[in-house]
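>>> below is the sequence, then the predicted model.
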Amino acid sequence: METFDGRKLNHSAREAIRIRAVNRILAGESPEVIAKTLGFHRSAVYQWLKRYNADNIDGLKYKKIPGKQPTLNKAQKQKIFDIVTSKNPLQLKFAFALWTRAMVKDLIFEKFAVSLSEVSVGRLLHELGLTPQRPLRRAYQQNPERVECWLKEEYPAIRKEAKAAKATIYFGDEAGVRSDYHSGTTWAPKGQTPIVRTTGSRHSLNLVSAISAKGSMRFMTVNGKMTADLFIEFLKRLLKNQNSPVFLIVDGHPVHRSAKVKDFVEATDGRLKLFQLPAYSPELNPDEQVWNQLKNHRIGKMFIKSLDDMVEKVGSAMRSIQRSPALIMSFFQHRECRYAAE
């Protein structure tokens, strides 16, 4: 015969049984008989009677058992959120520059003398709406005030000047490509790292390019190190067939600031103007995405046999990008470059 288990009933049913049982006891019935009739142990029935004697009928009603009190209060959680989202761990004398659960654990103990496990810290961070993310890299030498000035004052002024002069704004940059660079992943049996066979010879090639938010692009391959003369040669190509002035924005490379380049720019009688981005701020230059496209999505997935093969494949990849105005315009839609979009 199956034994009745009153614990399987929901809270409302159990509450009703308790009240009915006590009422029957008050009417003169024996607690032992009621326990046997209802299928509960006699000690449970006597416990109900005790609760009734202490709090009357309210003592028999369901009361939610309070859970464990939170270790950190609302204000303390907000403090943790503010610190993690606004401060670099190095500012707080931690040895690492990225927040980890272990470091947040130490932070909580230091601030509030509360010891949590790393698992609990992870749950807390998720509760605060924080997730582990790959950070954007910034040079520690970068001046945030200078960047803010560029975004809010300098570039808007350049855009206004370009509009008045009917000039086209280009962003330019140089980069090097190596034949032994590989990007991406390839399929292979689990636990067996694949080997990509390459030539033992290593080759490198330098390039310079410039793009506009309207989707145009100019580029030039460079043999050896970039010099003022080579950069001037690129500037001449950039100006070729341009019916309006060109405003070129570049970084602070010494070649860009050389006297020879300045003399050339002045000699163009306003057809060309050079502007400099804030120092250590490559993320502000949409032309950086050209190199990302070239290295990580094109050349980085190819097999390079020789220097001539590399020159041919790099040139082909760059011409392919050049023929894709929509792709070039998308470079200006990256989060850090939207300020320069049309």
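All right, it came through fine.
>>> below-threshold pLDDT in the stretch 151-300 of the chain: ranges please.
Within the stretch 151-300 of the chain, the segments meeting pLDDT under 70 span 179-203, 300.
>>> ranges for the strands of it?
Counting by DSSP state E, counting those that start in this stretch, the stretch 151-300 of the chain has strands at residues 168-178, 204-212, 217-222, 246-250, 272-276.
>>> could you dump those to a markdown table with mean neighbour count?
Using the backbone N, CA and C atoms, a C-beta is placed for each residue, glycine as well. Shown next, in a markdown table, are those (neighbours: other CB atoms under 10 Å):
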| stretch | mean neighbour count |
| --- | --- |
| strand 168-178 | 21 |
| strand 204-212 | 22 |
| strand 217-222 | 19 |
| strand 246-250 | 22 |
| strand 272-276 | 18 |
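>>> N143 is nearest to which of those strands?
Nearest to N143, of all the strands of the stretch 151-300 of the chain, is strand 272-276, at 13.2 Å by CB to CB.
>>> show residues contacting the closest one.
For strand 272-276, contacts defined as CB atoms under 8 Å, 6 or more residues apart in numbering pick out 154, 158, 167, 235, 238-239, 245-252, 256-257, 261-262, 265.
>>> whichever of those residues end up buried, select them in PyMOL.
Per 16 or more other CB atoms under 10 Å, the buried members of those correspond to this PyMOL selection:
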select buried, resi 154+158+167+235+238+245+246+247+248+249+250+251+256+261+265
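>>> how about the helices in the stretch 151-300 of the chain?
155-165, 228-239, 259-267, 288-297 (DSSP state H, counting those that start in this stretch).
>>> still on that earlier bit, would you turn the strands of the stretch 151-300 of the chain into CSV with distance to S330?
CSV is the format used below for those (distance: least, CB to CB, whole Å):
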stretch, distance to S330
strand 168-178, 14
strand 204-212, 11
strand 217-222, 12
strand 246-250, 18
strand 272-276, 23
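>>> of all the ones you listed, which one is nearest K105?
strand 168-178 (41.3 Å).
>>> parallel or antiparallel, which strands does that closest one pair with?
Applying DSSP bridges, strand 168-178 is found paired with strand 204-212 (antiparallel), strand 246-250 (parallel).
>>> just to revisit the earlier point, need the helices of the stretch 151-300 of the chain in a markdown table with distance to S324, can you?
Listed next are these as a markdown table, based on distance: least, CB to CB, whole Å:
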| stretch | distance to S324 |
| --- | --- |
| helix 155-165 | 24 |
| helix 228-239 | 19 |
| helix 259-267 | 30 |
| helix 288-297 | 9 |
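>>> nearest to P89, out of the ones you listed?
Nearest of the helices of the stretch 151-300 of the chain to P89, taken as CB to CB: helix 288-297 at 26.9 Å.
>>> report the rounded mean pLDDT for the very next helix or strand once past the closest one.
Next in sequence after helix 288-297, counting helices and strands by DSSP states H and E, comes helix 307-322. Per-residue pLDDT values over helix 307-322 give a mean of 88.
>>> returning to that earlier point: would you format the strands paired with strand 168-178 as JSON lines with distance to L272 included?
Output for those, formatted as JSON lines (distance: least, CB to CB, whole Å):
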{"stretch": "strand 204-212", "distance to L272": "11"}
{"stretch": "strand 246-250", "distance to L272": "5"}
